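Visitor: Quick one: sequence and predicted model below, then my questions.
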2 protein chains.
Amino acid sequence: MNNEKPLDTLHHAAIRVRDVKQAVDWYTQRFACKVEYQDATWAMLEFANVRLAFVLAEQHPPHIAILGDPSAYGEAKIHRDGTFSIYIKDPNGNNVEILALAPDTITSEKS
Amino acid sequence: MNNEKPLDTLHHAAIRVRDVKQAVDWYTQRFACKVEYQDATWAMLEFANVRLAFVLAEQHPPHIAILGDPSAYGEAKIHRDGTFSIYIKDPNGNNVEILALAPDTITSEKS
């Protein structure tokens, strides 16, 4: 069918690490990916189709982020970079971030 | 630079669930995604840019899968669907699957 609804986009998956720099070094040495953001508590790597984030579990929860309308799920939090999002939990306790990009960043999104 | 190496592709992220059917139902009811595979022990959902898998942790380890050459990392395991892969661990103990698709499935890949 040509009139199927387009599939949603997974913006990033954030996995738990103990040492952010060590994780960034390990992945960038082995895989073709770019460091989009990095500090001592989290980092974001860009792959061809999606982003992979590293988080210290005591600072940021491990999660997956799906592009969508956070306000459909409750009161969204506005972040410093202009994005806004809300965290919900799936039935198994996994954290899911519903993420809306800042208007001026949407054109740089790939999908 | 136009001669940068293309970025690698993350094929899927597999997250831990206790009930695969419950997870598939919850995600498919809320997000535009397609069930690519589902049984009692694991499932694979297709999003626009990447796949999200659900695994029972006692059957399949949670992991991320990156397309690449498994044989560069050791002896790859050939799967029934013709793919082959190897699991390695990052320095933080996260499982990373290096995955090569079966030749006749590559043309259906999006990226």
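Guide: On my side now, so go ahead.
Visitor: What parts of chain A come near chain B?
Guide: Within chain A, the positions near chain B by C-beta under 8 Å from any C-beta of the partner chain are A:5-10, A:13, A:15-19, A:22-23, A:26-27, A:31-34, A:46-50, A:52, A:64, A:66, A:68, A:90-92, A:94, A:110-111. Backbone N, C-alpha and C define where each C-beta goes, glycine included.
Visitor: Show me those residues that map onto strands.
Guide: Of the residues of chain A next to chain B, the ones assigned to strands by DSSP state E are A:10, A:13, A:15-17, A:34, A:46, A:52, A:64, A:66.
Visitor: Same list (the residues you listed) but as a markdown table, adding distance to B:His79, neighbour count and pLDDT.
Guide: Below are these laid out as a markdown table (distance: C-beta to C-beta, whole Å; neighbours: other C-beta atoms under 10 Å in any protein chain shown; pLDDT from 0 to 100):
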| residue | distance to B:His79 | neighbour count | pLDDT |
| --- | --- | --- | --- |
| A:Leu10 | 23 | 27 | 98 |
| A:Ala13 | 22 | 21 | 98 |
| A:Ile15 | 23 | 24 | 97 |
| A:Arg16 | 27 | 16 | 96 |
| A:Val17 | 28 | 24 | 96 |
| A:Lys34 | 30 | 12 | 98 |
| A:Glu46 | 28 | 16 | 98 |
| A:Leu52 | 23 | 22 | 98 |
| A:Ile64 | 24 | 24 | 98 |
| A:Ile66 | 27 | 22 | 98 |
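Visitor: Let's have those residues in TSV, adding distance to A:His79.
Guide: Shown next, in TSV, are these (distance: C-beta to C-beta, whole Å):
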residue	distance to A:His79
A:Leu10	18
A:Ala13	18
A:Ile15	20
A:Arg16	20
A:Val17	21
A:Lys34	21
A:Glu46	18
A:Leu52	19
A:Ile64	17
A:Ile66	16
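Visitor: in chain A, which ranges drop under the pLDDT threshold?
Guide: A:1-3, A:104-111 (pLDDT under 70).
Visitor: Now do the helices in it.
Guide: Using DSSP state H, the helices of chain A run over A:20-30.
Visitor: A:Val35 is in contact with A:Val24, isn't it?
Guide: Yes: between A:Val35 and A:Val24 there is a contact under C-beta atoms under 8 Å: 6.1 Å.
Visitor: Which of these two has more residues huddled nearby?
Guide: A:Val24 (18 against 13; other C-beta atoms under 10 Å in any protein chain shown).
Visitor: For the closest residue to that one other than its chain neighbours, grab the count of nearby residues.
Guide: Excluding the flanking residues, the one nearest A:Val24 by C-beta to C-beta, 6 or more residues apart in numbering or on different chains is A:Ala43, at 5.0 Å. The number of residues packed around A:Ala43, counting by other C-beta under 10 Å, is 22.
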